[in-house]
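K.L.:
Sequence below, structure please.
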Amino acid sequence: MSDAENLQKKRCKPCEGGVPALDPAAVAELRRALHPDWTLSADGKWLLRHFAFDSYARTLAFVNAVGWIAESENHHPDLEVVWGKCTVKWSTHAVDGLTENDFICAAKVDQLLN
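P.N.:
Numbers count the residues shown, from 1 in each chain. Model (predicted):
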């Protein structure tokens, strides 16, 4: 089983804070399991990817699918939506940085487009 498949099969764990955000080495390791278009914000606290679609309807269908993942995992991204484009941004607000939950959800979003 690939690293991506391992992440896709995991479930998010509740996070109320009190745990540290992932260190840069752990972030780099988990990023290898994702599509290469996922990038980090300059401060390393956000995982983001830009998606492009050929219609507004396809964009909204994608946004709704991401919303379903977010609700299923109880872990919610920031979404920026315009005609034909959506940016998905994952971060764990309770730790002010990235946790495995962000990578689990990003892997599930990658799976939508396979």
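K.L.:
all strands for the protein, in order.
P.N.:
If DSSP state E is used as the criterion, the strands of the chain fall at 39-40, 47-52, 78-82, 85-90.
K.L.:
For the ones you listed, could you give me CSV that also reports mean pLDDT and distance to Arg31?
P.N.:
For the C-beta atoms, the positions are set from N, CA and C on the backbone; glycine is no exception. What follows is the strands of the chain, written out as CSV (pLDDT from 0 to 100; distance: least, Cβ to Cβ, whole Å):
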stretch, mean pLDDT, distance to Arg31
strand 39-40, 98, 8
strand 47-52, 98, 8
strand 78-82, 97, 19
strand 85-90, 98, 12
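K.L.:
Next, format these as CSV and append distance to Asn101 and mean neighbour count.
P.N.:
Shown next, in CSV, are the strands of the chain (distance: least, Cβ to Cβ, whole Å; neighbours: other Cβ atoms under 10 Å):
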stretch, distance to Asn101, mean neighbour count
strand 39-40, 16, 14
strand 47-52, 10, 17
strand 78-82, 14, 13
strand 85-90, 8, 18
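K.L.:
In a markdown table: those strands, plus distance to Lys108.
P.N.:
A markdown table is the format used below for those (distance: least, Cβ to Cβ, whole Å):
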| stretch | distance to Lys108 |
| --- | --- |
| strand 39-40 | 18 |
| strand 47-52 | 12 |
| strand 78-82 | 15 |
| strand 85-90 | 11 |
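K.L.:
hey, what's Phe51 bridged with?
P.N.:
Cys86 (DSSP bridges).
K.L.:
I figured it hits Lys89, correct?
P.N.:
No - the pair Phe51 and Lys89 does not pass the contact test of Cβ atoms under 8 Å, sitting 11.7 Å apart.
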